[in-house]
Structure formats: structure tokens, C-alpha cells
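Student: Predicted structure and sequence below. I'll ask about it afterward.
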Amino acid sequence: MAKDPEQRDLFPGALEIMILQSLRVKPMHGYALVKHIRLVSDDLLQVEEGSLYPALQRMLREGWLEAETGTSAKGRPTRIYRVTEAGVCHLEQEVVSFERMFAGIKRVLAIATPQEA
Amino acid sequence: MAKLIGRRRRYDDISASIREHLEERTEELMEEGHSRQRAEQQARREFGNPTVVEQRSREAWQWQRVETLFADVRFALRRLARSPGFTVTLLLTLAIGIGANTSVFTVLDSVLLKPLAYPDSDRLVALHLNAPGAGGLSSFESGLALSPSMYFTFSEHNRSFSSLGVWFSMLTNLTGVAKPEQVKTVGISSGVLETLEIPPALGRWFNATDQDPRGSKTAMLSYGCWMRRFGGDPTVIGRTIQVDAQPREIVGVMPRGFRVVDQNFDLLLPLAFDPVNEQLAPFFLNGVARLKPGVTVAQADDDVQRLVGVWMDSWSNGPGSNPHWYEHWKITPALRPLKAQVVGNVSGILWVVMATIGLVMLIACTNVANLLLVRAESRHHELAIRSALGAGRARIARELLLESVLLGLIGGILSVGVAWAGLLMLIAAGPTNLPRLSEIALDARSLGFTLLLAVFSGLFFGAIPAWKYARSRTSLVLGSGSRTASAGRERQHSRKVLVVAQVAMALVLLVSALLMIRTFIALRHVNPGFADAARVQTLRISIPTSLIADPVMVLRTENEIADQIRAIPGVTRVGLAGAVPMEGIDPNWDQIIVEGKNYAGTEPPLRMFNYVAPGFFQTMGTRLIAGRDFNWDDVYGLRNNIIVSEGFARESWGSAAAAIGQRVKHMSDMPWQQVIGVVEDVRSKGVEAPAPATIYWPAMIKNPYTPDHKPDADWLRPAIFAVHSSRAGTESFVAQVQQAVWKVNANLPVASLRTMQDIYGQSMARTSFTLTMLALAGGMALALSIIGIYGVISYSVSQRTREIGIRLALGAQRSALRWMFVRSALTLTLAGVAIGITIAAVLTQLMRSLLFAISPLDPFTYLTVPLVLAGAATVASYLPAQRAAAVNPVESLRAE
């Protein structure tokens, strides 16, 4: 996929939050997850497959996700990922800390620069 | 394991997900109107490299360091398997090196380091007394023995010990069970078992009644004796045995492996002293005590110092004697941990052997490092390319180190077999009086040592190539690898340093070995004071008072035995005495007053006494220097005649001849004894110790230690017979001697059947053991350094073939080329020799106590060894040099 300058790569913690939140809505398989995030973010966020699959495995290892055998939209066997109790818990913690970070960044940005003053 | 199985499923899951991802995308693209082929291409391009993604996804499940380590291990093993000759050489070197070290360490650990096999053994002390004024009665090694009166005083009045006891070892005749046998026996006072705290395996310890001289007569058995004589029968308790013709009831059996301090025994007897009869003297007991918790050895020393005073105040040597006379002896306590007492003087040898073997290991490691350098050299290109492709220094160093540690570990595993064999050999070849011999075993500690040594040696010899190659510059290596005519100076440098180190270490070992060889030769040249040792059979026969009380009857019986032995075919002479030289048994030590000598207020020194029958000197080959030997009239007639050693004669009267007719006296109330003969000095304390001035008394004397001075032959009750025969030491001869003794009295066991050669050899065991070990180590070191020098020169020849070709093409003489290589080997050797001599000069000072009549800086040794090494270096370098000179210039240049 050619890189669209409008699309932004996600930083690591953010990718996990996106995945957890998306899967919390509905258990999905990998490709559906990519499509879901792009769709919901109106193509603003682009999940790289190269990061997605390692991230999914890391999260499985941490116990935030569960994988089960399922079928894709096209009816082929694949792995469906589902958020666990621990995953929800982690997500909520992360969201709080993200919000705090964003608030901080916003406040810093709100200070007018000298030239403009 | 479960995790690994689970992992396989995880990996399959990842593959399935990724496959589905790609297919779904492909289908989507096809729906957008792309052809299948194009859609697939597009999907793949978007996805990136699926293998990489899959690999990185898998990594979430891996313990990554370990995984790469495993991969490296597999790689290293494959690489080692590809050059079997190299690998086998290395592994053998390591297995032998580590194995030898493990076996020596095992002995060292079992003998010196491990605590004794008694509960809380660190609180056990030997009651060691120094008495510098007591002459031969006290030596630095064994100190002054305790007397029974000391035991009474110490055990009643001490404040430092929770328990205390005395013991001494003897031989007793055990009869009444099968054939008569002389058995090792330890007499123990009450307090010994209580101190050692080892409960009996069967029955009970001795109690107060057993230790009462008027109480019951009892005995305890060792586990070995119980098994051997009674077949391990548990009903043995309560049974009666005859010990020295006295019936004793068996009350207990001690467990397997139990020893009284360092004594193995068959029988334990209660000492049962009677305080009523005891005086200050005699001194013959070993003391052992258990410190009260919190009491230090120094505090106990002070306590015993006080008790020595109490002892002199409370006892006497009979009416009219001065109990404080012993102040001349300057008795000072020097209590030592029991372990130090048990281990004795063997620790020096063991540390020397350990250091020696360690040095050999170091030389072996340098050889291995050298070989690894050669190997790394051949991988130079590979490593340089890898480093150019981005492999970190640490990664390359780790891989090289891993390979060497792996070699070390495999070598370590193989070495266990070597260690086991080496241990058997060490025990067999070691000094037979090696303490704690039965405790030596290859155990977890030894294996731990093996593991440590394997890893550390692996790190050591691997560190050199790793350090060298990990830091080498890529460009430099790639540049110099193929273009220059000869390898860079840099590349040869570390190998040369290793060879120099190796030569230096080999020199140290060879110097020590040669010093020991020279010591041994010097010892062999010392006249021990007896001759024809291999043809002199010795045997010990004890006649207890309970069997024959009358001294004249004792001598007659012994004479009868001597006659019976003399009748055996092949016997030329028979003699008997209280002791033979070098056996470690001194019949007596006491003062001798020389007539007319002014002692000016000092005490006459103590002299060694021996008690001999006529013909003993002749049998032993001890030369009579002046006067005559005793005859039987001297003995039975109790004539006041005496024979002295040459040393004593010279010291007292200036010469042997002047001694004849002179008179000496034992105690003031004894008659003067006339010197009738002077015999040559005998090295009774071992070849390396000076011959003690000795007084030879006739076999029967008026006993100076009893108030009535009645005639006594007590010193020949355990008599040593010396039999000169060309058949000495053979089994048939020994059987005939036994028969001869039993013809006279069937209740007399024959013990200590040894030739004088055995006894002589045993007294040199320490030297010959050290010699063997050092010679072995020196030989190994020499061989290893020859291999090392050969390797370096041979490698440098192979690296410089092109250069040699050019030199030859330009007209170099072949002999000059040969000399060039030999000279470089000699330069390395000389550097090694110079360093080695300096180290050896310092280190050999440590083995001064093992040397005899040789200085640690013996010039002969310090000249010979460098010459040998230089010779070896010449030979080792001549072969490759020869190959260099044979290079065909055309071919070597065409090889480009």
C-alpha cells in the first residue's frame, strides 16, 4: 500500500489501545482488524501489518487477548481474537494515562509562542 | 516443555492468520477488478515480507537470548564436528588437563579442606605440647606426648574443654578366635569417645567400670574387625576374646569409617590408669579434647599452661625427685585443631602437586588458545565479512567465546573419566601414610570444581582469540587478508606471547622436577647405616607379660625362635632388637651422663635408646667402627656394657676409638656402663634427617625405672627380628618364618612382615611421590611446549610461503631461510627462559622443605633446563624450517 502522507503511523502503546478497543466492540480476525481501524478513523490511521501481527502475539502472551479458531468473512478458517478480562482492565488504565498525556500536550501547545505575541 | 508444545500451535496460528490476511486482501483486490496474479502481487507488496512478519510475531513467544544462544551452540557444534582432528586434539588436551586437576583437587579437598567426620569437628583440638628442652622426646612434628598424670590433672582441672581424653596405639595379640593375630589396637581413656561423639554401631561405649583398673576387662571392635573376625554377627556383644592372653568381654562395635583421630584400629581397649601408681612420667599419650562453645584455641592454650604448673605441683617421680625438674623442658601448650594434627605435613606436598598440575593446565590452555587462534585466523575472512555486514563486536566475541566454553564443557565431561582413573592412580602411588585416605572420593564438590575449571578454562583460552578478533578492523582485515605477501606482524604477535608464556611455565615445572630428581639422587647416596636392605626381612613378635613373665624366659623363647628361623634354608644371619631404623618407632629417649663431663648446671641432653641382642648389627649390615658387639654372656650376665653410635662417641670423646673403655651412666642411682663398641651412625629418623646420637643397650638390663632395678627385657617384648636371606620378601619365605615361630609357641602372631627395603622406600615415599608428580608434570609441560613451538613456527611457515618463494627467487640461501625460522623459535624460547628463571627462582623457595642437600637455586638445574628447552625448541622449529627451505619458488608464486 503506497504511503499516504495523510495517514499516520501509530506509536506502539497506541496500536495496542486501538486493537483492544476494536476487539472490545467485536471479536475479529487480523485482516478485519486492519480494515476496521482504517474505516473507523476515516483512513487517518494506518495499521502496518508488519507491526500488527507481532503486537497481537505480544498481547496474547500478556493474556490481554485470546485467540480461537474461527472463519473469516469469506468462510475460510482463520484465528479470531477476543479481549479478555485482563485486556479490558489494561485498556482502561491505558486510556486514562493517554488522556492525561493528551491533556498535558494540549496545555503545552496552548501557550502562545513569543513571535506571535 | 508444555510451553514448547504450546508454542508449536502458536506458530501455526500465526501462519494461518497471515495466510488468511493475504488471501482476503487478494480477493478484495480481485473484486476491484485486478487479475488474480496482479492482486496477489499487490497484496504481498502491501503486507511486506510475510516471513519476516511471521518471524517477528513468533519472537513474542521466545526467550530470545536463549534461542540465539541455542542457535549459536548448534552452529558451534556443527563447526567443531566439521574438523574432527582439531576437535579431538583439543578435547583430549582439555580432558586430560581438567581430569588431572580434578583428581588432585579431590585429594586436596578430602584431605585438607573438608571437616573431619566428627560432629562439630571444628571444636576438636589435639592437645599438642611443645617441649624444646626435651630433646628427642619432643619433635616439632609430634610434640611432647602426654603422661597419664597429665591426663588426670588436665581432665579434672581444665576450664576450657567440655570433654578430654588420651589415647595411644599399640599392637596386641588377639587369640581365642581362629589363628592368632597381631591386631592394631588403640587404648583410650574415658573422654575420648565422649569427645569424638560418634555413637557405637552396636552395644555401648566404655563406662566408668571399664576404665577402673580393678573393674571389668572389656574391649570394643572396629566395624572392619567385627566383619572380618566375626562375620558381622550381632550376638558378638558379651562374647569373650583373648587379648594379650587376657580374657576381655566385647561391649561394643564402632561404626564403619570411625577412626580415633588418624588411627585405624581393630580393637579399642580401655586404658584403666590407676592414679595411685602414676608419677609425672612416662610420656606416651596423645590427647584430644572438645572445646567448650565460645572458647578459642588461644584461651585453651592459656588454660593448659596453667595446668602444666598444677600438674608439677600435684605429682612426683617418687621420693627425693624434684617435680619441678620438668621446667627444663619448657613445656608450652600449642593446641591445634584436630584436623591440622590429622593432616600433618602432607599439606605441603599436596599444595605443591596442586600448583604443579594447575601450571600444566595453564600450559595446556595456552596450547588450546594457540590452536583456536589458528582456527580463528582461517575464519578471518568470514568474521570480517560478518562484521562488515553489521555483526556487532559483542556478537562475534560471544560466538567465539561460546565455542571455547563449549569445548571446555565437553572436555570437562570427558575429564570425569580421566579424574576417576587419576584418582585411583594417585591413591595407589601416593604416600601410603596419606591421612584420611579412605575419605577420598569423587563427589559433588569435585564435580563442581570440574565444572568451574571447564568454564573458566574455556573463557580463558577463548578470551584471547575473542578479544583479538572482535576488535579487529574490517577494512584492515579485508585489505591485508589476500594482498600482502606475509601475514601482518599483528597477527603473529599474540601467538608468540603465548609461546613465551608457555616456555616460561614449562621451565618452572622442569626446574622443580629436576630439583626433586637431584634430591632423590642425593638421598639415595646417603649411607643409611644399614646395608643390603632388600635381603633383610623384618618381623615383629610380641610376648606379653601375661604369657611369659620372666625376662630370661622371654629372651630364651626369642632365641629359640631365632634358632628356628636360622634353620630355614637360605637364611644367613638373624638378629633382634627393640626397633629397626626408619620404622617410626623409638624404643626410648632419655638422658645419659658421660663420666668426667661437666654439664655446668645444664641438663645432659636426651639420647635415643635402642635395645639389641648380639648379632643384630651384623644382620642389619651396620658396621662396627671400634670395639666389639655384645655377646650372650653380656646379656644374661647383666654386665654393665654398652655400645654407642659414632656420632655420640665423637661428640663425647672426640673419636670412635677413644670411646672404648669410657663410661656413661643412665640415672644417678644406676651403675656406670662401660662402652665396649662403637657402631656407625644410623639414619633412624629417615634418610633426610640427621642420624640421632644413639645408645645401644643389651637386650636385658636392670630396669632403671623400677625402684628395685630388677632385670628386665621389656624393650624386647615386642621384638623386631631381622633376618638376612636372599629369599627375603618372598611369600614362601614369609610362610616358613611363620611356621618357625609357631614351632616355638603357637600363640605368637607374627606381624609387620616387611623387608628393610620396604621400610626404607616408605621413609622416602614423600620424596618419591613429589618426584613422580613433578616429573610427570614437567614431562607434560615439555611436550606441550614443544607442540606449542612447533605449531607457531609451522603456522608461520605456512603463512609465509609466498614470502619465502620471493626470497628464494631473489637468491636467498636455503640454509639462511632455515636459520631464520629456527632463530625466531630460539628467540621466543630465550624470552620464555628469562622470564621462567625469574619465576622459578622465587617459586622454588617454597619447596625448600622438600629438598635435600640441594639449594633451590642449584646451578646445575638452572643450566640444564634452559639447555634442554633450547634443544627442544631447535628440534621443534627445525622440522617446519626444513619445509620452508624446501619451498619451490615457482609453485609458491604461481599459487596466487
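Tutor: Yes, it's here.

Student: any idea which element B:Gly33 lies in?
Tutor: Here B:Gly33 is covered by no helix or strand, with elements defined by DSSP states H and E.

Student: Check the gap between it and A:Phe98 for me.
Tutor: Distance, B:Gly33 to A:Phe98, using Cβ to Cβ, to the nearest Å: 41 Å. C-beta here means a position set from N, CA and C on the backbone, and glycine is covered the same way.

Student: more neighbours, the two?
Tutor: Shown here are B:Gly33 and A:Phe98; by other Cβ atoms under 10 Å in any protein chain shown, A:Phe98 has more neighbours (13 against 8).

Student: mind listing what the more buried one touches?
Tutor: By Cβ atoms under 8 Å, 6 or more residues apart in numbering or on different chains, the contact list for A:Phe98 reads A:13-14, A:17.

Student: Extract the CA atoms of the longest strand along chain B and return them as CSV.
Tutor: Of all segments of type strand in chain B, defined using DSSP state E, the longest is strand B:161-175. Extracted C-alpha coordinates of strand B:161-175, given in CSV (Å, rounded to 0.1, in the frame of the first residue of the first chain):
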residue,chain,number,x,y,z
PHE,B,161,37.0,-28.3,77.5
SER,B,162,33.7,-30.0,77.6
SER,B,163,35.5,-33.3,77.4
LEU,B,164,39.1,-34.5,77.1
GLY,B,165,40.7,-37.9,76.7
VAL,B,166,44.0,-39.5,75.9
TRP,B,167,44.9,-42.5,73.7
PHE,B,168,47.8,-44.3,72.2
SER,B,169,48.1,-47.0,69.6
MET,B,170,49.7,-50.3,70.1
LEU,B,171,49.7,-53.8,68.8
THR,B,172,48.1,-56.6,70.7
ASN,B,173,47.9,-60.4,70.2
LEU,B,174,44.3,-61.4,69.6
THR,B,175,43.9,-65.1,70.3
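
Student: Give me the helices and strands touching it, please.
Tutor: Packing partners of strand B:161-175 (3 or more Cβ pairs under 8 Å, 6 or more residues apart in numbering or on different chains; DSSP states H and E): helix B:148-157, strand B:181-188, helix B:192-196, strand B:240-243, strand B:267-270, strand B:286-291, strand B:536-542.

Student: which one of the ones you listed lies closest to B:Ser849?
Tutor: Closest approach to B:Ser849 among the helices and strands packed on strand B:161-175 (Cβ to Cβ): strand B:286-291, 24.1 Å.

Student: Filter the contacts of A:Phe98 down to the ones in helices?
Tutor: When DSSP state H defines the helices, the subset of the contacts of A:Phe98 inside them is A:13-14, A:17.

Student: Let me know the closest of those residues to chain B.
Tutor: A:Gly13 (16.0 Å; Cβ to the nearest Cβ).

Student: Skip the chain neighbours and tell me the closest residue to that closest one.
Tutor: Leaving aside its sequence neighbours, A:Gly13 sits nearest to A:Glu94 (Cβ to Cβ, 6 or more residues apart in numbering or on different chains; 6.7 Å).

Student: longest single helix anywhere in chain A?
Tutor: What stands out as the longest helix in chain A, according to DSSP H, is helix A:85-110.

Student: Taking strand B:286-291 as reference, get the angle to the longest strand of chain B.
Tutor: Using axes from the mean of the first three to the mean of the last three Cα atoms, to 10 degrees, the inter-axis angle of strand B:161-175 relative to strand B:286-291 is 150 degrees.

Student: What mean pLDDT does strand B:161-175 get?
Tutor: Averaged over strand B:161-175, pLDDT sits at 88.

Student: so what strands line up beside it?
Tutor: strand B:181-188 (antiparallel), strand B:240-243 (antiparallel), strand B:286-291 (antiparallel) (DSSP bridges).

Student: what's the closest of those to B:Gly224?
Tutor: Of all these, strand B:181-188 sits nearest to B:Gly224, with 9.8 Å by Cβ to Cβ.

Student: And the closest one, how far out from the chain middle?
Tutor: The chain centroid and the centroid of strand B:181-188 are separated by 27 Å under Cα atoms, centre = their mean, to the nearest Å.

Student: I'd like the mean pLDDT over that strand, please.
Tutor: Strand B:181-188 shows a mean pLDDT of 88.

Student: returning to that earlier point: can you report how many residues neighbour the residue nearest to A:Gly13?
Tutor: A:Glu94, neighbours per other Cβ under 10 Å, totals 16.

Student: which residues does it contact?
Tutor: Here A:Glu94 is in contact with A:13, A:16-17, A:20 (criterion: Cβ under 8 Å, 6+ apart).

Student: for those residues, which one is nearest B:Gly654?
Tutor: Lowest distance from B:Gly654 to the contacts of A:Glu94 (Cβ to Cβ) belongs to A:Gly13, with 105.6 Å.

Student: Can you give me the pLDDT of the closest one?
Tutor: So, for A:Gly13, pLDDT stands at 75.

Student: Quick one: neighbours of it, just the number.
Tutor: By other Cβ under 10 Å, 12 other residues sit near A:Gly13.

Student: Then B:Arg894?
Tutor: Other residues close to B:Arg894 by other Cβ under 10 Å number 9.
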